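**Student:** any chance you can model this:
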Amino acid sequence: MNKPMNRYAWMLLRAYLPALVALGLAIACMLWTSLFASVAMLHALVPYAKWLPPLFLLAALGAGLFATLRLWRWQHDQAPKCAGCGGPLGRLRHGPHGDTRKCLACGSRQPV
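**Tutor:** Numbering: from 1, shown residues only. So this is what the prediction gives:
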């Protein structure tokens, strides 16, 4: 039985998406350096490209830790919550109608 994702599952996906993208880029760079290392025309780029996977892995680790800490703080009532659904609020955004924060669960904008 297929159930659609609820708002908290989407929130988790959005929170960890930067880490997943960085991990995907690290894997793509690893494949690129291993597959094209023997190609003569691309062989000159391999020494420089071999540093990309560790950098992307480090970025994925940092983004994953940041998302985990952010969600942990929300769960333990140490971060601002949405007035409508109780989801965590994102970063402070300065707009023409005042400062707001966007809810990561329902997407509504909350005034500060």
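**Student:** and the helices in this structure, which stretches?
**Tutor:** 7-35, 46-49, 52-75 (DSSP state H).
**Student:** tell me the pLDDT of the nearest residue to A59 once chain neighbours are set aside.
**Tutor:** In space, and not counting its chain neighbours, A59 is closest to A22: 4.2 Å by CB to CB, 6 or more residues apart in numbering. In this view, the C-beta of every residue, glycine as well, is placed from N, C-alpha and C. Per-residue pLDDT puts A22 at 96.
**Student:** in contact with L25: list those residues for me.
**Tutor:** Going by CB atoms under 8 Å, 6 or more residues apart in numbering, L25 touches 52, 56.
**Student:** A59 versus that one, what's the distance?
**Tutor:** L25 sits 8 Å away from A59, going by CB to CB, to the nearest Å.
**Student:** where does the chain dip in pLDDT?
**Tutor:** Along the chain, segments meeting pLDDT under 70 span 1, 37.
**Student:** redo that, cut-off 90
**Tutor:** 1-14, 29-51, 74, 77, 79-93, 95-98, 102-112 (pLDDT under 90).
**Student:** domain ranges for it, per the record?
**Tutor:** Taking automatic domain parsing as the criterion, the chain consists of the domains 1-79, 80-112.
**Student:** before we move on, the earlier item: turn the helices of the chain into TSV, including distance to R101.
**Tutor:** Formatted as TSV, those follow (distance: least, CB to CB, whole Å):
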stretch	distance to R101
helix 7-35	14
helix 46-49	39
helix 52-75	12
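**Student:** in stretch 20-37, what's buried?
**Tutor:** Using 16 or more other CB atoms under 10 Å as the test for burial, stretch 20-37 gives 22-23, 25-26, 29-30, 32-33.
**Student:** R91 is nearest to which of the helices of the chain?
**Tutor:** helix 52-75 (10.0 Å; CB to CB).
**Student:** now for the closest residue to D99 other than its chain neighbours: which residues touch it?
**Tutor:** Take D99 and drop its neighbours on the chain: the residue closest to it by CB to CB, 6+ apart is V112, 4.4 Å away. By CB under 8 Å, 6+ apart, the contact list for V112 reads 92, 98-101.
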